[in-house]
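Trainee: predicted model, plus sequence, below.
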Amino acid sequence: MESIDHFFLHCGWTWKLWTKCMGWWDIVCSPNMSLRDWFLGWTRLCPSNGSLRVWKVLFCAVVWSSWEARNQMVFNGKVPCLDQYADTVKFRAVWWFKHLGFGCIEPITLLLLDI
């Protein structure tokens, strides 16, 4: 049985998705913690030129997209494409950010809009 920590953080495919998304801002780190600690420490990884609000939305978009990819694999036998899900993370982050009423005017969203 897979644990929450394993699936959302330590699973090879999921960690590659985190790495790809953090790579958009040249951030590199190690996942040697629990998902709870990862969530609590996520804001400390926010790029200095970024928006903390966008950064928090990005966290949720990666988690949601990882869960969706897992379900596609488990229930439909589909192997998830990492690049496709990275684009999905971008789309979700922009969509959610916009619909939370924050708009899309902050500098960090320019990268997210390039999908």
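Mentor: Perfect, thanks for sending it.
Trainee: endpoints of stretch 44-57, how far apart?
Mentor: End-to-end span of stretch 44-57 (Cα to Cα, to the nearest Å): 14 Å.
Trainee: that stretch: which residues count as buried?
Mentor: Buried residues in stretch 44-57, counted by 16 or more other Cβ atoms under 10 Å: 46-47, 50-51, 54-57. Backbone N, C-alpha and C define where each C-beta goes, glycine included.
Trainee: widest-spaced pair of these?
Mentor: Greatest spatial distance in the buried residues of stretch 44-57: Pro47 and Val57, 14.1 Å, computed using Cβ to Cβ.
Trainee: find the helix or strand that the residue nearest in space to the middle of the chain is a member of.
Mentor: The centroid of the chain falls nearest to Val62 when counting by Cα atoms, centre = their mean (2.5 Å). According to DSSP states H and E, Val62 maps onto helix 52-76.
Trainee: what packs against that helix?
Mentor: Under the contact definition 3 or more Cβ pairs under 8 Å, 6 or more residues apart in numbering; DSSP states H and E, helix 52-76 sits against helix 12-23, helix 82-97, helix 108-113.
Trainee: among those, which is the most enclosed?
Mentor: Ranked by average neighbour count under the criterion mean count of other Cβ atoms under 10 Å, the helices and strands packed on helix 52-76 are headed by helix 82-97 at a mean of 18.
Trainee: who does that helix touch, helix- and strand-wise?
Mentor: Packing contacts for helix 82-97, counted by 3+ Cβ pairs under 8 Å, 6+ apart, involve helix 12-23, helix 52-76, helix 108-113.
Trainee: if you average pLDDT over each of the ones you listed, which comes out lowest?
Mentor: Looking at the helices and strands packed on helix 82-97, the lowest mean pLDDT belongs to helix 108-113 (a mean of 52).
Trainee: surely the residue nearest to the centre of the chain meets Trp18?
Mentor: Yes. Between Val62 and Trp18 there is a contact at 6.0 Å, judged by Cβ atoms under 8 Å.
Trainee: now do the shared contacts for those two.
Mentor: Residues touching both Val62 and Trp18 (Cβ atoms under 8 Å, 6 or more residues apart in numbering): there are none.
Trainee: since that was my last question, I'll sign off now.
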